[in-house]
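Q: For reference, the sequence and a predicted model appear below.
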Amino acid sequence: MFGIKKNSSKNKESLEKTKSFWNNKFGNFFSKSEINDDFWYDFEEMLITSDIGVKTAFKVIEKIKELTKTNNIKTILEIKPVMRKVLSEMLTSEDILYKNLDQNKTILLVVGVNGAGKTTSIAKIANSYSKINKKVMLVAADTFRAGAIDQLKIWGERLSLPVIHNKPSSDPGAVVYDAINSAYSKNVDLLIVDTAGRLHTTHNLMEELRKIYNICNTNQSYTVKVILVLDSNTGQNGITQAENFKKVVKCDGVFLTKLDGTAKGGIAISISAELNIPILFVGTGEKIDDISIFDKDLFLSQILKD
Ligand SMILES: Nc1nc2c(ncn2[C@@H]2O[C@H](COP(=O)(O)OP(=O)(O)OP(=O)(O)O)[C@@H](O)[C@H]2O)c(=O)[nH]1
Ligand SMILES: [Mg+2]
């Protein structure tokens, strides 16, 4: 769909570690004999230790218990499909971005903590959309880290895409403002803004982000979408990061990176359940094509193998 594929073999491959983690954990669990207090206690504990976090684990158990009751379920074997149903309902993967890009001109503001994978993910998105003949432009609004502008310029050269930039340490808001004008005059479909990695706890940098966001919203011809980039290795800390970014900008979707290197893919469930932000893309490696649309059915079929 729209240049970025779902269900690619790379997507499946990237879930290997998470898959074996979940399957080792839950492999024999559903062969237990009786649904009793011990069963629920163990179930809860297994979920808590599966990187979905305490809050989400409680929610999942509560819902499974409820459905077990209303469907008059008597055997543990029947609980596995119920678990799948509950997790499926919790995982949101709305396709706002694709629909939006098809119909509107879009500014994609990409935010996240240091090293989450923002710049690499921008290159991946840019490449995917330029391949389907969308007019894409990049803007280097990370004027903070030495080398960040050059990193984006190199991607621009590789992908033959224009990169709007200024000098290091210059005002990132000003370069974004210039880029929007340039994009508008050149009829660009997708303007992607690379921002500096910032700790969600750093007040000044978060205020700077608020300012950039407001500038993005000044041109009525463009719809602004914010993508929060989260490294799947960060586990539950990713939730705290997201909560803080949400206070400053309206996060429309998550790009979950580095799924290939972690067993902590369970974080996808708590992102959806606790933050109510859809997961749009996943990063499945360091290369330009290592991007996939988040496919919740594939995700669940991997972590809950029958
Ligand atoms: N394995 C793997 N590595 C990734 C993925 N996405 C990004 N990386 C790597 O993560 C490292 C950091 O990526 P960047 O794109 O520079 O991260 P950033 O968020 O822009 O970093 P700052 O600008 O310093 O905040 C690089 O080595 C990337 O190659 C992914 O999906 N899988
Ligand atoms: Mg960067």
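A: Perfect, thanks for sending it. Ligands and ions are numbered 1, 2, ... in the order given.
Q: what stretches of this protein score poorly on pLDDT?
A: The model of the chain has pLDDT under 70 over residues 1-3, 7, 93-102, 306.
Q: What is the subsequent helix or strand relative to the longest helix anywhere in it?
A: Using DSSP state H, we find that the single longest helix of the chain is helix 54-70. For helix 54-70, the succeeding helix or strand toward the C-terminus, using DSSP states H and E, is helix 79-90.
Q: Which residues belonging to that following helix are considered buried?
A: Judged by neighbour count using 16 or more other C-beta atoms under 10 Å, the buried positions of helix 79-90 are 79, 82, 83, 84, 86, 87, 90. C-betas here are computed from N, CA, C, even on glycine.
Q: cool, and stretch 230-245?
A: The neighbour-count check on stretch 230-245 (16+ other C-beta under 10 Å) flags 230-236, 238-239, 241-242, 244-245 as buried.
Q: just checking, what packs against the longest helix of the chain?
A: Where contact means 3 or more C-beta pairs under 8 Å, 6 or more residues apart in numbering; DSSP states H and E, helix 54-70 is packed against helix 37-47, helix 79-90, helix 267-270.
Q: For the stretch 201-306 of the chain, which segments are assigned as helices?
A: 203-216, 237-248, 267-270, 296-303 (DSSP state H, counting those that start in this stretch).
Q: Now do the contacts for residue 170.
A: When contacts are counted by C-beta atoms under 8 Å, 6 or more residues apart in numbering, residue 170 touches residue 143.
Q: Save the buried residues of helix 79-90 as TSV, and put in distance to residue 138 too.
A: Shown next, in TSV, are the buried residues of helix 79-90 (distance: C-beta to C-beta, whole Å):
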residue	distance to residue 138
79	48
82	45
83	42
84	40
86	40
87	36
90	34
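Q: Out of the residues you listed, flag the one nearest to residue 71.
A: Proximity of those to residue 71 (C-beta to C-beta) peaks at residue 82, which lies at 7.4 Å.
Q: who's in contact with that closest one?
A: 64, 67, 68, 71, 73.
Q: do that again at 7 Å, thanks
A: 64, 67, 68, 73 (C-beta atoms under 7 Å, 6 or more residues apart in numbering).
Q: Nearest to ligand 2, out of these: which one, please.
A: Set against ligand 2, the nearest of the contacts of residue 82 by C-beta to the ion is residue 64 (40.2 Å).
Q: Next, the contact list for the closest one, please.
A: When contacts are counted by C-beta under 7 Å, 6+ apart, residue 64 touches 79, 82, 83, 86.
Q: can you pick the most crowded of the contacts of residue 82?
A: Sorting these by how many neighbours each has (other C-beta atoms under 10 Å) puts residue 64 first, at 21 neighbours.
Q: Tell me how far that one lies from residue 259.
A: Applying C-beta to C-beta, to the nearest Å, the value for residue 64 to residue 259 is 25 Å.
Q: And for residue 283?
A: From residue 283 across to residue 259, the span is 6 Å (C-beta to C-beta).
Q: what about the two, which has more around it?
A: Applying other C-beta under 10 Å to residue 283 and residue 259 shows that residue 259 carries more neighbours, namely 29 against 25.
Q: Can you name the residues bridging to residue 291?
A: With DSSP bridges as the criterion, residue 291 is bridged to residue 283.
Q: Does it touch residue 285 like I think?
A: No. The pair residue 291 and residue 285 fails to qualify as a contact (C-beta atoms under 7 Å) at a distance of 8.9 Å.
Q: Neighbour count: those two, which is higher?
A: Comparing residue 291 with residue 285 by other C-beta under 10 Å, the one with more neighbours is residue 291, at 26 against 19.
Q: Show the contacting residues for that one.
A: Counting by C-beta under 7 Å, 6+ apart, residue 291 touches 4, 124, 125, 128, 281, 283, 284.
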